[in-house]
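S.K.: 3D, please:
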Amino acid sequence: MSLSKAEEQLMQILWKQEKAFMKDLIEAYPDPKPAPTTVATLLKRMQDKDFVDYKQYGRSREYFPLVKKKDYFSKQVNGFIKNFFNDSASQFASFFTKETNLSKEELEDLKKLIDNEIKNK
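M.R.: Below you'll find the model as predicted:
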């Protein structure tokens, strides 16, 4: 299950804060800030998708993520590679290195990362 753009933006805030009350979440948005009802709707949808939960303190709810940022983005990237590059990491790597205008240094850094991963396998 994935998040809408608006849900993902809110999730980014929650990942950064780790746990937060509604007012903290709204405060973290850039201007113009969304209405509390909008944020409440997003949180409810994200809760239904099992991305967030909350602890009740009197009338206030402290929200926290149920999904780790790394896990979510790993799943998104793998889905992207599967859908757009026929599940081929090498097709994705070829496209990425050619189409993103990486500098020689950035390509060398990527090569080091790949070489380290090969050593660790």
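
S.K.: how far away is Ala35 from Lys69?
M.R.: Using CB to CB, to the nearest Å, one gets 26 Å for the distance from Ala35 to Lys69. Using the backbone N, CA and C atoms, a C-beta is placed for each residue, glycine as well.

S.K.: out of these two, which sits in the more crowded spot?
M.R.: When Ala35 is set against Lys69 and neighbours are counted by other CB atoms under 10 Å, the residue ahead is Lys69, at 13 against 10.

S.K.: Could you find the closest non-adjacent residue to that one?
M.R.: Beyond its immediate neighbours in the sequence, the residue positioned closest to Lys69 (CB to CB, 6 or more residues apart in numbering) is Trp15, lying 4.4 Å away.

S.K.: burial count for that neighbour?
M.R.: 15.

S.K.: what does stretch 17-26 rub up against?
M.R.: Outside stretch 17-26, the residues within contact range by CB atoms under 8 Å, 6 or more residues apart in numbering are 10, 13-14, 28, 33-34, 36, 39-40, 43, 60-65.

S.K.: Among the residues you listed, name the ones in helices.
M.R.: Counting by DSSP state H, the members of the contacts of stretch 17-26 that fall within helices are Leu10, Ile13, Leu14, Ala28, Pro36, Val39, Ala40, Leu43.

S.K.: Which parts of this structure belong to which domain?
M.R.: The chain breaks down into these domains under automatic domain parsing: 5-65, 69-120.

S.K.: looking at those domains, which is buried most?
M.R.: Per-stretch averages of neighbours, counted by mean count of other CB atoms under 10 Å, single out domain 5-65 among the domains of the chain, with a mean of 14.

S.K.: gap between the two ends of it?
M.R.: The stretch domain 5-65 measures 17 Å between its terminal residues, going by CA to CA, to the nearest Å.

S.K.: ok, now how distant is the residue of the chain most remote from its centre from Gln9?
M.R.: Relative to the centre of the chain, and counting by CA atoms, centre = their mean, the farthest-placed residue is Gly58 at 30.4 Å. Relative to Gln9, Gly58 is positioned 28 Å away (CB to CB).

S.K.: go on, Thr37?
M.R.: Thr37 sits at a distance of 16 Å from Gln9 (criterion: CB to CB).

S.K.: repeat for Tyr63
M.R.: Distance from Tyr63 to Gln9, by CB to CB: 14 Å.
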